[in-house]
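Undergrad: Here is my input; please provide its structure:
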Amino acid sequence: MELDPQSAYSAVQTAISQASALIVTYSFSVLGAILLLVIGFVVAGLVERWLYAGLGRVGGFDLTLRRFFSKIARYFVLGLVVVMVLGQFGIQTASVIAAIGAVGLAIGLALQGTLQNIAAGIMLLALRPLRIGEYVEVGSVSGTVEEIGLFATRLRAADGIYILAPNSTLWTLPVKNYTRNGIRRNDITMTFPNTDNIDRLQKTLVGLAEQDTRVKKEPAPAAFVAGLGDSTMSFTLRYWTSATDFAATQAEMNKNVRNILNEKA
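TA: The predicted model follows:
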């Protein structure tokens, strides 16, 4: 069968016309989608900052919850932007939402551990065993809390190391919060000969603690015999400080006690 040149030419012309129409149509859709994405990211950032600042003006509103709600608002806006971008290409919004739901279910079944982290993050935010700025120890993880996210919590170790811990780990293990109660106790135990005068040692050590303005008056510092050996006795100096002064006071007190031991040597 011979190909009719006229028919072939007409077919090519029709194809070119249709391709041109599609290019023009989808070019505007692509440009519109890019514009929506840019505007959406800007608006999402503005909403996050406005909400964070607005909640900061609410008296007593926790810093951890401020960051959490502001992040949620950002992701919500970005989700709306994605739906709008898909709508630019003629995809029905209802279909998009249904598809997102189906994909979300499939991802949820595949990533059950991730969902556990989300659930744990919600429980951490609800019960708040740790807050931003507090120093905590959970299992082998310890540091100052910088951010509690939906999936993981960011901490800064005492030596400045960056730590990202899964929320499920922080939720399933006991939490030691060194900051929450506001005050901390320190015990310094040292060894003296049994021949030393106990009353004089108590007076000297308690006086040493009382001279430091960071040491709390209540509970009052105390010194006592912690153990007895054949020729030596263990003596403990106990005092309380604010949680923020603990490390500095401990270092200073250890030095002063060491000086007393050197004087007796």
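Undergrad: which residues of the stretch 151-265 of the chain fall in helices?
TA: Taking DSSP state H, counting those that start in this stretch as the criterion, the stretch 151-265 of the chain contains helices spanning 167-172, 198-210, 246-264.
Undergrad: The closest residue to residue 212 other than its chain neighbours - how many residues pack around it?
TA: Distances taken as Cβ to Cβ, 6 or more residues apart in numbering place residue 249 nearest to residue 212, at 6.3 Å, with adjacent residues excluded. All C-beta atoms are positioned from the backbone trio N, CA, C, and that covers glycine. Residue 249 has 21 neighbours, counted by other Cβ atoms under 10 Å.
Undergrad: Can you say which of the helices of the stretch 151-265 of the chain is packed in most?
TA: Each of the helices of the stretch 151-265 of the chain was given a mean neighbour count from mean count of other Cβ atoms under 10 Å, and the largest, a mean of 20, is that of helix 167-172.
Undergrad: from the chain's centre, how far out does it sit?
TA: Offset of helix 167-172 from its chain centre (Cα atoms, centre = their mean, to the nearest Å): 12 Å.
Undergrad: what's it in contact with?
TA: 113, 116-121, 123-124, 130, 138-139, 141, 148-153 (Cβ atoms under 8 Å, 6 or more residues apart in numbering).
Undergrad: Using CSV, write down the CA coordinates of that helix.
TA: What follows is helix 167-172, C-alpha atoms only, in CSV (Å, rounded to 0.1, in the frame of the first residue of the first chain):
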residue,chain,number,x,y,z
ASN,A,167,12.3,9.5,70.1
SER,A,168,11.5,5.8,70.8
THR,A,169,14.8,5.4,72.6
LEU,A,170,14.2,8.4,74.8
TRP,A,171,10.7,7.2,75.6
THR,A,172,11.3,3.6,76.4
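Undergrad: just to revisit the earlier point, measure the residue nearest to residue 212 to residue 258 for me?
TA: From residue 249 over to residue 258 the distance is 15 Å, taken as Cβ to Cβ, to the nearest Å.
Undergrad: Then residue 159?
TA: Where residue 258 is concerned, residue 159 sits at a distance of 24 Å (Cβ to Cβ).
Undergrad: do the same with residue 187
TA: Note on residue 187: its distance to residue 258, by Cβ to Cβ, is 15 Å.
Undergrad: and what of residue 214?
TA: Note on residue 214: its distance to residue 258, by Cβ to Cβ, is 18 Å.
Undergrad: now swap in residue 207 and tell me
TA: Computed as Cβ to Cβ, the residue 207 to residue 258 distance reads 16 Å.
Undergrad: Surely residue 56 is in contact with residue 66?
TA: Yes. Assessed by Cβ atoms under 8 Å, residue 56 is found in contact with residue 66 at 6.1 Å.
Undergrad: In contact with residue 157, which residues are there?
TA: Taking Cβ under 8 Å, 6+ apart, we find residue 157 in contact with 142-143, 163.
Undergrad: The same query, at a cut-off of 10 Å, please.
TA: By Cβ atoms under 10 Å, 6 or more residues apart in numbering, residue 157 lies in contact with 135, 141-144, 163.
Undergrad: same question, residue 190
TA: 201, 205, 226, 233-237, 254, 257-258, 260-261, 264.
Undergrad: Compute the distance between it and residue 131, please.
TA: Separation of residue 190 from residue 131 (Cβ to Cβ): 36 Å.
Undergrad: For residue 161, grab the count of nearby residues.
TA: Neighbourhood size, residue 161 [other Cβ under 10 Å]: 9.
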